[in-house]
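>>> What follows is a predicted protein model with its sequence.
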Amino acid sequence: MHIVEHLIAGRWSAGGDLSNVIDPFIGKPVASFPAATPHEVAAAVAGARAVQPDWAATAPAARAEALRAAANAVEQATDVLARTMSAEMGKPEAEAAGSIAAGVGTLRQYAELGQLHSGRTLGGDPGALDLMVREPRGVVAAITPWNDPVAVSCGLLGAALATGNAVVYKPSERTPATGWLLTKLLAPHVPPGVLSMLAGGGSTGAALAESAVDVVAHVGSTATGRAIAAAAARTGAKALLENGGCDPLIVDAGVDPAWAAAQAAVGAFANAGQICVSVERIYVHADIAEEFLTALVKEAAATEIGPLVDVRHRGGVHGQVVDAVDRGARLLAGGVIPDGPGAWYPPTVLAGCTDEMRVVETETFGPVAPVVTVASFDEALRCAARSPYGLAATVLTASMSNAHWAWQQLEVGTVKINAVFGGAPGGAAHPRRGSGQGFGYGPELLDEMTATKVVHLESPPGGW
Ligand code: NAD
């Protein structure tokens, strides 16, 4: 059992009252963690503020070297990190190791890209020098979720540190030991105070979002993102938000229903549906709906998944399924809470859904595939567009014109045609509406972590 501590201004400290994290496989405690008080939040921010100028003045190549060493340390600790992540949030260990490898890769990318990240010179008066210079923003609060805790944290921390910012990191209260272990691996490679870590839940996060930081970078739910945006508006900090989604999958007439069902199953059930870009609602053309549903039920039966993060979250997921059935949806697979310990929930298929059902309208974040049958491709596009979210969307179609029409019409950050997951390295998108704002990943995250200053330099009359 891990006992999590805070790292404040270079010193590890135990907290007062502890809360437990329960292993969702077996229902037993795996870690306990304190909640940082507003006083501890202020101390971490002040500590970061004090050392940030020196970190900013460190040569980018030296910062890159520190990040490379930190990435190696995380890689070497993959086993213990994967075990802890798995026990805290339910991702099977092999998948957890895969997402740690992704985090290590991200740290290495930012180590290299951070050194190359620079401004430019402008073509003004030949006697003057005009520059656009990138400067670190200062102190970055990084507030992260539990569903991919290492990879997401490595992204925000790597980009912030590579560009000369100090970071106050608050991992999710559902994966505090994972965040604490990650901090123990990263912090020794940067000067004391450059990386602090605060354990705790929403009230610690809120205190951090309201504190005197320069950026609040949040990956998490839409409701939290909105609260953070409001706090940042009061303090003047920049809010960078990667939030929830309710991604549609559109299945056009004329595609192979078995292939489409396999795509839908991966999209809806991977990581037990707890991915920001999981398939959350499916619009299938009436011409192939029946065959598609038959194949999807087979896929659900053949899919093995880990448990949900905890029984509280499972209650929310199941509540949406029950609500849909009450409103007339047909339960074709899953939808029943199994007996026994842990937070298990089966891959679930609902047919006959409508856009008014909560399971279609809002993010479910569970292994649920709600299927709406539509009469045309255009109707599917219209339904997909009616959403307060705008994270990503997938279209399965054999028609080139429908493919092009769809990516132009869908007002979301990422559009995928004929593959639910995938994309070239380096792709980064702006989420729309309730799904957030700014670039939360990719090379452009380095832009977000820096402020641009324009310099115009002339010599005094008579020369220097
Ligand atoms: P969450 O917003 O509840 O929690 C995320 C973090 O915010 C945690 O550290 C939490 O303690 C903190 N927090 C909670 N209330 C706060 C407040 N009032 N002020 C400041 N901080 C607060 O989200 P979650 O349940 O941990 O994560 C799941 C959500 O994250 C889903 O909606 C998912 O779609 C989203 N997500 C989005 C992306 C993306 O890239 N868009 C990636 C991963 C997860």
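Looks like it arrived, so ask away.

>>> Please give me every residue in contact with the residue in the stretch 1-150 of the chain that the ligand sits nearest to.
Relative to the ligand, the nearest point of the stretch 1-150 of the chain is Pro145 (3.1 Å; Cβ to the nearest ligand atom). Backbone N, C-alpha and C define where each C-beta goes, glycine included. Under the criterion of Cβ atoms under 8 Å, 6 or more residues apart in numbering, the neighbours of Pro145 are 152, 172, 219-221.

>>> 6 Å - rerun?
With contacts defined as Cβ atoms under 6 Å, 6 or more residues apart in numbering, the neighbours of Pro145 are 172, 219-220.

>>> how far away is it from Gly202?
Computed with Cβ to Cβ, to the nearest Å, the distance linking Pro145 and Gly202 is 12 Å.

>>> now do Ala71
30 Å.

>>> Just want to know which of the two has more residues nearby.
Ala71 (24 against 15; other Cβ atoms under 10 Å).

>>> Next up, identify which helix or strand that one is on.
Assigned by DSSP states H and E, Ala71 belongs to helix 60-76.

>>> Tell me the helix or strand right after that helix.
Once helix 60-76 ends, the next helix or strand along the chain (criterion: DSSP H and E) is helix 78-89.

>>> export that following helix as CSV, just CAs?
Only the C-alpha atoms of helix 78-89 are listed here, as CSV (Å, rounded to 0.1, in the frame of the first residue of the first chain):
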residue,chain,number,x,y,z
THR,A,78,7.8,0.9,-16.0
ASP,A,79,7.0,-2.2,-14.0
VAL,A,80,6.2,-0.6,-10.7
LEU,A,81,4.5,2.4,-12.4
ALA,A,82,2.3,0.0,-14.5
ARG,A,83,1.4,-2.1,-11.5
THR,A,84,0.4,1.0,-9.5
MET,A,85,-1.5,2.5,-12.4
SER,A,86,-3.4,-0.7,-13.0
ALA,A,87,-4.2,-1.2,-9.3
GLU,A,88,-5.5,2.4,-9.0
MET,A,89,-7.6,2.8,-12.2
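
>>> how about the residue most central in space within the chain, what does it touch?
In the chain, the centroid-proximal residue (Cα atoms, centre = their mean) is Val219; its distance is 4.7 Å. Contacts for Val219 were tallied using Cβ under 6 Å, 6+ apart; they are 144-145, 152, 242.

>>> buried sites along the lengthiest helix in the chain?
Ranked by residue count under DSSP state H, the longest helix found in the chain is helix 93-116. By neighbour count with 16 or more other Cβ atoms under 10 Å, helix 93-116 contains the buried residues 93, 95-97, 99-101, 103-111, 113-115.

>>> Identify all contacting residues around stretch 235-248.
Counting by Cβ under 6 Å, 6+ apart, 213-219, 221-222, 225, 228-229, 232, 276-277, 279-281, 363, 384, 387, 389, 391-393, 435-438, 440, 448 sit against stretch 235-248.

>>> Restrict it to CA atoms and write it as CSV.
Output in CSV follows, covering the C-alpha atoms of stretch 235-248 (Å, rounded to 0.1, in the frame of the first residue of the first chain):
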residue,chain,number,x,y,z
THR,A,235,-6.7,35.8,-11.7
GLY,A,236,-5.6,36.5,-15.3
ALA,A,237,-3.9,33.2,-15.8
LYS,A,238,-4.1,31.5,-19.1
ALA,A,239,-6.5,28.5,-19.2
LEU,A,240,-5.5,25.6,-21.4
LEU,A,241,-8.3,23.0,-21.4
GLU,A,242,-8.5,19.4,-22.9
ASN,A,243,-11.9,18.3,-21.7
GLY,A,244,-14.6,15.8,-22.2
GLY,A,245,-16.1,14.5,-25.5
CYS,A,246,-19.1,12.7,-26.7
ASP,A,247,-17.6,11.5,-30.0
PRO,A,248,-20.0,10.3,-32.7
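
>>> That one vs the ligand: in contact?
Yes. Under the criterion of Cβ under 6 Å from any ligand atom, the ligand is reached by stretch 235-248 at 242-245.

>>> still on that earlier bit, any idea which helix or strand comes after the longest helix of the chain?
For helix 93-116, the following helix or strand on the C-terminal side (DSSP H and E) is strand 120-122.

>>> Quick check: residues of the stretch 1-150 of the chain near the ligand?
Residues of the stretch 1-150 of the chain lying close to the ligand by Cβ under 6 Å from any ligand atom are 143-148.

>>> Which of these has the largest number of neighbours?
In terms of neighbours by other Cβ under 10 Å, these top out with Thr144 at 29 neighbours.

>>> That one and Ala151, how far apart?
Thr144 is 10 Å from Ala151, by Cβ to Cβ.

>>> ranges for the helices of the stretch 201-350 of the chain?
Using DSSP state H, counting those that start in this stretch, the helices assigned to the stretch 201-350 of the chain run over residues 202-209, 222-235, 257-269, 289-302, 311-326.

>>> coming back round to it: of the contacts of stretch 235-248, which ones also sit close to the ligand?
Okay, of these touching the ligand (Cβ under 6 Å from any ligand atom), that's 219, 221, 228, 276, 363, 391, 436, 440.

>>> The third one reaches Leu208, doesn't it?
No. If you go by Cβ atoms under 6 Å, Ile228 and Leu208 don't touch, sitting 9.3 Å apart.

>>> what's the overlap in contacts for the two?
Common neighbours of Ile228 and Leu208, counting by Cβ under 6 Å, 6+ apart, are absent.

>>> low pLDDT regions in the stretch 251-400 of the chain?
Nowhere does the stretch 251-400 of the chain drop to pLDDT under 70.

>>> Please identify the residue of it positioned nearest to the ligand.
Of all residues in the stretch 251-400 of the chain, Cys276 sits closest to the ligand, at 3.1 Å by Cβ to the nearest ligand atom.

>>> measure the spatially closest residue to that residue that is not a sequence neighbour to Gln76 for me?
Distances taken as Cβ to Cβ, 6 or more residues apart in numbering place Gly245 nearest to Cys276, at 5.4 Å, with adjacent residues excluded. Using Cβ to Cβ, we find Gly245 at a distance of 34 Å from Gln76.

>>> Neighbour count: the two, which is higher?
The residue with more neighbours, out of Gly245 and Gln76, is Gly245; 29 against 12, by other Cβ under 10 Å.

>>> where does the more buried one fall, phi/psi-wise?
With angles defined as degrees, to the nearest 10, Gly245 sits at phi -140, psi 170.

>>> Ok, Ile143 next?
The phi and psi torsions at Ile143 (degrees, to the nearest 10) take the values phi -120, psi 120.

>>> From what I see, it and Val215 are in contact.
No. Using Cβ under 6 Å as the test, Ile143 is too far from Val215 to be in contact (10.8 Å).

>>> okay, the residues of stretch 235-248 next to the ligand in a markdown table with distance to Arg63 and pLDDT next?
Converted to a markdown table, the residues of stretch 235-248 next to the ligand look like this (distance: Cβ to Cβ, whole Å; pLDDT from 0 to 100):
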| residue | distance to Arg63 | pLDDT |
| --- | --- | --- |
| Glu242 | 24 | 97 |
| Asn243 | 29 | 97 |
| Gly244 | 32 | 96 |
| Gly245 | 33 | 96 |
